[in-house]
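Asks: With the sequence up front, the predicted model follows.
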Amino acid sequence: MPPAPTKLLESYELVAAPMTLDDVPKLHELSIGVGWPHRPEDWALVIGLGEGIVARDEIGRVIGSAMWFPLGDEFAAIGMVITSPRLQENGAGRWLMGHILNTVGARGKVLNATRPAYRLYISLGFMPLSPVYQHNGIVGAVAPGPRHARPMTAQDVAAIHGLDSIAMGIARPDVLDRLLPLSTGTVVERDGRVTGFALCRKFGRGHVVGPIVAESEEDAIALVAPHAEAMEGSFLRVDTRQPDGPFRQFLIGSGIRHYDTVTRMGLGPVPQATGPAFTFGLVNQALG
């Protein structure tokens, strides 16, 4: 078996090792240290859906992470790339990304870049595609808007898989199969056909609504409204690529305010949505 890859960084010697569920407690500490809200359960979810590496120092502390998630055979999403700011400045992020890029190989790659990591990804050849707007906050009185969604049932699952594939430009059945048992859902139905859906689950400080797939902003509002009403007085998050308009104004009017912006980036070919349904809310920033 070849020796584990190492990197000497200032006074640290970092060792890269495959990420496992046993790493969750230390990964949780790592993400708390950089202000990310992920719970241990949120780490377990992504580890179950992808592959990752951890960077350990000489005494076994986890001081870096990076993951990738297969999207069919041709594409991959990259996420959960974390290092402390000082180590990032000294090349730890580039070292971790090098391992991930070598593993992913020729697949087209997408990721969501935070502001501190943006220049690193540009230097690795990624190109900006679109902003992603993180909305979160304590839900107040839910803003007025359409209310034509209904609760999801088991009979809707096949349609939800199909809509997600259309909106993503690639099928990801493993992701939805993992999310559905953890989520409550809403759907929009027209003429006996499901045309949109939204899933809400526990995440971070409260709950997140995502994915949200709809044919229009009106439908996206209708899909989110019941979840917001159920979460009144609680923390709710939505990550969306939607520009300013009725959907984001509905979120803001309900107390789910714009908190931060990251940038969706791609390297090589990336999945393309075909419509008429599009993604109005992400599963999370790692999975898209």
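Replies: Perfect, thanks for sending it.
Asks: Could you use CA atoms for every contact and neighbour count after this?
Replies: Will do.
Asks: what bridges to Lys109?
Replies: Ala76, Leu267 (DSSP bridges).
Asks: Neighbours of it, how many?
Replies: 25 (other Cα atoms under 10 Å).
Asks: How about Leu251?
Replies: Using other Cα under 10 Å: Leu251 sits among 25 other residues.
Asks: Using the three-state scheme, assign it.
Replies: Using DSSP: H, G, I helix; E, B strand; the rest coil, the structure places Leu251 in helix.
Asks: Hmm, Arg257 and it touching each other?
Replies: Yes - at 6.5 Å, Leu251 counts as touching Arg257 under the criterion of Cα atoms under 8 Å.
Asks: shared neighbours of the two, which are they?
Replies: His135 (Cα atoms under 8 Å, 6 or more residues apart in numbering).
Asks: With Gln272 as the reference, measure out to Phe75.
Replies: 11 Å (Cα to Cα, to the nearest Å).
Asks: more crowded one of these two?
Replies: Neighbour count, other Cα under 10 Å: between Phe75 and Gln272, Phe75 has more, with 21 against 11.
Asks: contacting residues around Gly140?
Replies: Glu232, Gly233, Ser254, Gly255.
Asks: tell me which element Gly140 falls in.
Replies: For Gly140, there is no helix or strand it lies in under DSSP states H and E.
Asks: Listing request: residues of the stretch 151-288 of the chain with sub-threshold pLDDT.
Replies: Scanning the stretch 151-288 of the chain for pLDDT under 70 picks out nothing.
Asks: quick one: the strands in it?
Replies: 184-190, 193-203, 206-214, 235-240, 257-267, 278-281 (DSSP state E, counting those that start in this stretch).
Asks: what's in contact with the strand or helix carrying Ile53?
Replies: If you go by DSSP H and E, Ile53 is part of strand 51-56. When contacts are defined by Cα under 8 Å, 6+ apart, strand 51-56 is touched by residues 14-19, 62-69, 96, 100.
Asks: Leu120 against Arg94, yeah?
Replies: Yes - contact criterion Cα under 8 Å: Leu120 and Arg94 qualify, at 7.0 Å.
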